[in-house]
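Colleague: Whatever this is, show me its structure:
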Amino acid sequence: MRNGDTRVRGIAARAGGWSARHRWAAVGIWVLFVVLAMGLGSAAGSVEVKESDQLGGETHTAAKIIEDAGIDEPASETVLIQTKDSGVKATDPAFRAAVADVMKAVDKTGKVTDVQSPYETNTLSKDGRSALVQFDMRGDADTAGERVEPVLKAVADVQKDHSELRIEEIGGASMNKTFDDAFGDDFKKAELSAVPVALGILLIAFGALVAALLPVALAITAIMATMGLMGIVSHLQPMDDTASSVMLLVGLAVGVDYCLFYLRREREERAAGRSPEAALQIAAATSGRAIIVSGVTVCVAMAGMLFTGLATFEAMGLASLMVVAVAMVGSVTVLPALLSLLGERVEKGRIPFLHPDKRRKNANSGKGNGESRFWTAVLKVVLARPAVSLVVAAGALLAVAAPALGMKTQNLTLDQEFGDSLPIVGTYNRVNDAFPGGSEPAEVIVKAKDINAADVKSALADFRALAISSGASRGPVDIKLHDAENIAFVYVPLVGGSDLDKAGESLDKLRDEVRPATLGKVEGVQAPITGQVAGSKDFNDQLAGAVAPVFAFVVVFAFLLMLLSFRSLTIAITSIVLNLLSVGAAYGILVAVFQHGWGASLVGAEGVGAIITWLPLFLFVILFGLSMDYHVFVVSRIREAHLRGRTTKDAIQHGVVTTAGVVTSAAVIMVAVFAIFGTLSMQSMKQMGVGLAAAVLIDATIIRGVLLPAVMALLGDRNWYFPKWLNRLPDMTHDETTEPASPPPPPAVEGERVGV
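Modeller: Take a look at the predicted model:
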């Protein structure tokens, strides 16, 4: 080579070198892989997660009984008929006429079955002002929302004829339709808008259209390939829509990040005067290696979700793991091939007002050295007073994390999830006020050898009576028999209604007192209790049991990977501590905003009093993985500078400020993408978006820009401490030969050996 021969070893360097030499082969193999993955995935089809596998505990047992019996539970709907005038009662002729009209109207649509009068089922409120007409939708419950429109219209027409009353419909089908209409398109638009947002930020970062398109193209092709692989893998581990959405988010984040790291390093080396070949080789050996270390660490973090025992989490973990692995492989193979093919054409489509030429000119002249002026100023303060910087930054983050100590998790009720933004929420609240727990009753699935046996019937009657007399329910307790399957469904409205804390107490009373005293005394009878409240409790219980093993798995393996990758006990420990601090701060922000309502209006949210159950563990795994991207990239650059002969303090300065542009660009993209989900109307999506965006912002600024350099400056040469007794561990370090540091960087690196 013109600038000297750069000899390298290691997976990333060898992969990059091979791809650069066999450019068309590398690109062709990648395209073939993406096409084959999509084709095979489409041919194999996708297996969805079964309801019986989504949860554990009694909820799982109940779903399994229903599934094994082949019972297809219909989507149940309810029409609330309520007086607006306190003087009118449900027993008045006008009210009865309205009830009759509702029953006739919904039955006439031909879409419903088993229409029940409130006067026969005794679904009349205690104050005599409200009544419920109940019926089931015909056909598959999962698609009932697509067929409920005529029924909703029929009810609305009856409302027009009885304006003195309030006549409203609510149920599984009508709620699904409302959600799909109001938020389905909104959610898809949010997912689709993530790509243009990322592209726009990359255009600003690179100042050239082709350079900006490369990271987006890599991320999109990685996502496409993973979608195909998910179809194949779903036959071993069923997938669901949540897993696909998470995969898209993670794939876009890491795909863009990895390509950004690689491309910026290649650009930097070319700007420093190296030949395109040498620049690409150095980028492969340094940024390529950092990508592999980061990618493996992220994969390990995502694998933690496989230990939850919850099918939805397992699907999310496996899908995320696959997209990270695909993006990582693409970054160290097809990306160097494309850069080699494009050469200087990667600068095509320059945007004049961003002045990329001026930036490169400054770098070549030594005025800029690719270093950030802002972070140079910050680092000057931090490195001058590392102890003060550490105390102030760590103290601030600990203060932010403090509210997390009082975190309360639960599945959000309808009014918590959507506030007053939908009319159906008002209906939900009115039903719960008039019939506490009636909109989301507990369901007891009773299975017996003979459901019509005398002792079973007696136990069912005793259960119904004791459920009310014990105070767990105010009734009415409805029993639906499936004689052929020897199964009974018992619907118990829980005292507490939409207040999940009080409803949870009623559920405990049913499970611990009422059931053992009645159904529990009949030999051979199974009676698991399910429903929304039970599902939330069982999910919380199972998730609580999974937290410790998942946390331990992720932390221990991340520690080992950092130990092997940097061959430093100190760096491995500080990496874990800093990441935990970042996650803790994100938890604190979530609790402060969404549980306590502090500053909730600033993000268009409401203080709903709780954090959605699945979010804390999800955030831990995702954030612990993604934050390693930045950490590995920055620490790799610091170590590289240290091995080139710089002092630890100079190496910190060089490593942080030269990577600041990349980390900032990557962080801005992630924050912008995650913030899009924070704009959705669903509180759970807001919580996810705000939590992720806040954590990434904290991680890329306070953690990497202040705490990391402050800690490393205080530790000095102890950063590279590696006990002799650990020397038997595999060597996965850079393994460079050192050379004196000299800004600007030298034109060639003689005899450099870089390895993974």
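
Colleague: Tell me which residues are up against stretch 168-186.
Modeller: 75-80, 82, 137, 141, 144-149, 151-152, 155, 159, 414, 421-422, 424, 427-428, 430-431, 439, 680-682 (CB atoms under 8 Å, 6 or more residues apart in numbering). For the C-beta atoms, the positions are set from N, CA and C on the backbone; glycine is no exception.

Colleague: What's the PyMOL line that selects buried ones from the residues you listed?
Modeller: This is how PyMOL selects the buried members of the contacts of stretch 168-186, with burial counted by 16 or more other CB atoms under 10 Å:
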select buried, resi 75+76+77+78+79+80+82+137+141+144+145+147+148+151+152+155+159+414+422+424+427+428+430+431+439+680+681+682
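
Colleague: Tell me which entries of the contacts of stretch 168-186 lie within strands.
Modeller: Under the assignment DSSP state E, these contribute 76, 77, 78, 79, 80, 82, 137 to strands.

Colleague: which pair in the residues you listed spans the largest distance?
Modeller: The span of the ones in strands among the contacts of stretch 168-186, defined through CB to CB, is set by 82 and 137 at 22.4 Å.

Colleague: would you list every one of the strands in the stretch 401-550 of the chain?
Modeller: In the stretch 401-550 of the chain, the strands defined using DSSP state E, counting those that start in this stretch lie at 409-410, 442-447, 478-482, 487-492, 529-530.

Colleague: Equivalent analysis for the stretch 601-750 of the chain, please.
Modeller: 611-612.

Colleague: and what of the stretch 1-150 of the chain?
Modeller: Assigned by DSSP E, counting those that start in this stretch, the strands in the stretch 1-150 of the chain fall at 76-83, 112-116, 130-137.

Colleague: between those strands, which one is nearest to residue 715?
Modeller: Set against residue 715 and scored by CB to CB, the strands of the stretch 1-150 of the chain come closest in strand 76-83, at 62.9 Å.

Colleague: Could you list the paired strands of the closest one along with their orientation?
Modeller: Strand 76-83 pairs in its sheet with strand 130-137 (antiparallel), strand 165-171 (antiparallel), by DSSP bridges.

Colleague: before we move on, the earlier item: mean pLDDT for the strands of the stretch 401-550 of the chain: which is lowest?
Modeller: With a mean of 82, strand 409-410 has the lowest mean pLDDT of the strands of the stretch 401-550 of the chain.

Colleague: so what strands line up beside it?
Modeller: Applying DSSP bridges, strand 409-410 is found paired with strand 611-612 (parallel).

Colleague: And for the strand it pairs with, what's in contact with it?
Modeller: Outside strand 611-612, the residues within contact range by CB under 8 Å, 6+ apart are 407-412, 590-591, 594-595, 683-684, 687-688.

Colleague: low-scoring stretches of this structure, by residue?
Modeller: For the chain, the stretches with pLDDT under 70 are 1-9, 51-54, 182-189, 191, 353-372, 437-439, 497-498, 731-756.

Colleague: for it, longest helix please?
Modeller: In the chain, assigned by DSSP state H, the helix with the most residues is helix 532-566.

Colleague: Report the angle between that helix and strand 442-447.
Modeller: Calculated by axes from the mean of the first three to the mean of the last three CA atoms, to 10 degrees, helix 532-566 forms an angle of 90 degrees with strand 442-447.

Colleague: Report all helices and strands that helix 532-566 contacts.
Modeller: Here helix 532-566 touches helix 57-69, helix 276-303, strand 409-410, strand 442-447, helix 500-509, helix 569-590, helix 615-643, going by 3 or more CB pairs under 8 Å, 6 or more residues apart in numbering; DSSP states H and E.
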